[in-house]
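> okay, here's the prediction I keep looking at, along with the sequence it came from:
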Amino acid sequence: MSTEQDPVKLMKQQVGKAAADLVKSGSIVGLGTGSTTAYAIEFLGKRLQSGELSDIKGIPTSFQASVLAKEYGIPLTTLDEVDRIDIAIDGADEVDPDKNLIKGGGAAHTREKIVDALAEQFVVVVDESKIVDRLGSTFLLPVEVLPMAMTPVMRAIEKLGGKPTLRMGVKKAGPVVTDEGNLVVDVKFETLDNPAEMEKTLNNIPGVLENGLFVEVSDVVLIGAIEDGKPVIREM
Ligand SMILES: O=C[C@H](O)[C@H](O)[C@H](O)COP(=O)(O)O
């Protein structure tokens, strides 16, 4: 099968394009991280190139997002230079029926939460495999930790009933190091009944920078799906 026919790729492309179409000229745009948002960044670049869109500035949530923005000709800015973010587009690893999310599969959730939470409109882009009844059912919860605090943070997480695992690199010996130079612990909780409380409890552990629970941050969730063999977009 050629990659063009890969249904997951198709869903991600469609949903990325749909999100890029929501951006208006003159906007400050939060640029999320991950394989789905990468398509949104590509389509934003294409809209700029064609002249359909003008005068936008991106705020990247990761090294990956800034590299892609430069590749597709999207001018970048920083939070020091702007007084607002009009729209942010970002992916997710899980989405529950209340539009709460688990993010951080790409270890970018700390910067993502800063940018996504500041946006007037936060648009989440996912394929249908990311929709769950309860957060934590398919994906471990990422927690960014200061390296010197890794052991006490892991102990504290165990006391909360979680099973933490240090995320290891692929094609790199040793752990994943975030864009901020920290480590990521992926945590299995048997139940995540109260995501709002768990988000705060985890962030209250000294040494934790941020966790991947995004509660009451999303405004719109665009879901790429396949119906009758054709890609469609659903909205939550
Ligand atoms: O840290 C990474 C991010 O939270 C991503 O947005 C998330 O992992 C989803 O990525 P993808 O669209 O590649 O599944």
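It's in.
> paired strands for the host helix or strand of residue 184, with orientation please.
Secondary-structure element containing residue 184, defined by DSSP states H and E: strand 183-189. Strands adjacent to strand 183-189 in the sheet, as given by DSSP bridges, are strand 141-145 (antiparallel), strand 162-166 (antiparallel).
> where does the spatially most central residue of the chain land on pLDDT?
Per Cα atoms, centre = their mean, the C-alpha nearest to the average position across the chain is that of residue 91, at 4.2 Å. Among the per-residue scores, residue 91 shows a pLDDT of 98.
> got the phi and psi for it?
The phi/psi pair for residue 91 (degrees, to the nearest 10) reads phi -90, psi -180.
> next one: residue 62
When read as degrees, to the nearest 10, the backbone of residue 62 gives phi -170, psi 170.
> and for it, the neighbour number?
Here the number of neighbours of residue 62 (other Cβ atoms under 10 Å) works out to 23. Any C-beta I mention is one placed from the backbone N, CA and C, and that applies to glycine too.
> measure it to the ligand for me?
Noted for residue 62: a distance of 7 Å to the ligand, by Cβ to the nearest ligand atom, to the nearest Å.
> which bits of the chain sit near the ligand?
Residues of the chain lying close to the ligand (Cβ under 6 Å from any ligand atom) are 32-37, 90-93, 103-109, 112.
> what about 8 Å?
For the chain, the residues in contact with the ligand under the definition Cβ under 8 Å from any ligand atom are 12, 32-38, 61-62, 90-93, 103-109, 112, 125-127, 130, 142, 212.
> let's see the PyMOL selection covering just the buried ones among these.
Paste this into PyMOL to select the buried members of the residues of the chain next to the ligand, with burial taken from 16 or more other Cβ atoms under 10 Å:
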select buried, resi 12+32+33+34+36+37+38+61+62+90+91+92+93+103+104+105+106+107+108+109+112+125+126+127+130+142+212
